[in-house]
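K.L.:
here's a sequence, model it:
(chains A and B)
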Amino acid sequence: DAKTTQPTSMDCAEGRAANLPCNHSTISGNEYVYWYRQIHSQGPQYIIHGLKNNETNEMASLIITEDRKSSTLILPHATLRDTAVYYCIVRQYSGGGADGLTFGKGTHLIIQP
Amino acid sequence: KAGVTQTPRYLIKTRGQQVTLSCSPISGHRSVSWYQQTPGQGLQFLFEYFSETQRNKGNFPGRFSGRQFSNSRSEMNVSTLELGDSALYLCASSLARDRGQSYNEQFFGPGTRLTVL
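P.N.:
Purely as a prediction, here's the structure:
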């Protein structure tokens, strides 16, 4: 899996868009970008994934730069319940090679009231 | 559709004992993975089962083992417990692992918090 770099923590005001960056400069052509989050004392939750096109679902949007070396997860209207640790993971779609998701330190997003 | 369930949610054991944790995946999911989460090491992959076979194993000692039943339910066992085994043990299921389908979209249970005294 390609290495990812995320800020340790971020703050965002409730109701505003939360933009979480992730750098993955060594990503290879067949690797996808996945985002998970973990709310305190719960299991991680899958959010979204993408290859090169921007993706949107009911939870978030994923913007991947044209060179694919970085991406941004966007929570359009953050609520207090979005306070969590957000993990950016880059890996081949099939999970080939060493398996199991590799979770780094992630970004601790704190939504302020 | 019911989510991934894990039992028990909390467990207290003493050093040297063994423990068995259970996981029921989402209906139709055939892949079950186990992870250990500690404050120091974060989330670490233990092993994955698919069709009752262990497909991959993380870097954990042989005291950690698991199995999967024909209904895809899975158990993991830790023998000769050590203080360092205190952790949140998470189970995750996914739709499939072969044919490259959706393995990386994993659905996690709430975890079993194990405390070893």
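K.L.:
can you pull the contacts of the nearest residue in space to A:His77 that is not next to it in sequence?
P.N.:
The shortest distance from A:His77 to any residue other than its chain neighbours is 5.9 Å, reached at A:Gly15 (Cβ to Cβ, 6 or more residues apart in numbering or on different chains). C-beta: built from backbone N, CA, C; applies to glycine. Counting by Cβ atoms under 8 Å, 6 or more residues apart in numbering or on different chains, A:Gly15 touches A:77-79.
K.L.:
now do B:Phe107
P.N.:
A:46, B:3-4, B:25-26, B:29, B:92-94.
K.L.:
from those residues, which land in strands?
P.N.:
Among the contacts of B:Phe107, the members found in strands (DSSP state E) are A:46, B:92-94.
K.L.:
now these in a markdown table, with distance to B:Thr80?
P.N.:
Below are those laid out as a markdown table (distance: Cβ to Cβ, whole Å):
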| residue | distance to B:Thr80 |
| --- | --- |
| A:Tyr46 | 34 |
| B:Ala92 | 26 |
| B:Ser93 | 28 |
| B:Ser94 | 31 |
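K.L.:
most widely separated two among those residues?
P.N.:
Spatial extent of these (Cβ to Cβ) is set by the pair A:Tyr46 and B:Ser93 at 11.3 Å.
K.L.:
go ahead and flag the most central residue of chain B.
P.N.:
Nearest to the mean C-alpha position of chain B, counting by Cα atoms, centre = their mean, stands B:Trp34 at 2.8 Å.
K.L.:
what's the helix or strand for that one?
P.N.:
B:Trp34 belongs to strand B:31-38 when assigned by DSSP states H and E.
K.L.:
buried residues, the lowest-mean-pLDDT helix or strand in chain B. List them.
P.N.:
For chain B, the helix or strand with the lowest mean confidence is strand B:53-57, at a mean of 86 (criterion: mean pLDDT, DSSP states H and E). By 16 or more other Cβ atoms under 10 Å in any protein chain shown, the buried positions in strand B:53-57 come out as B:55-57.
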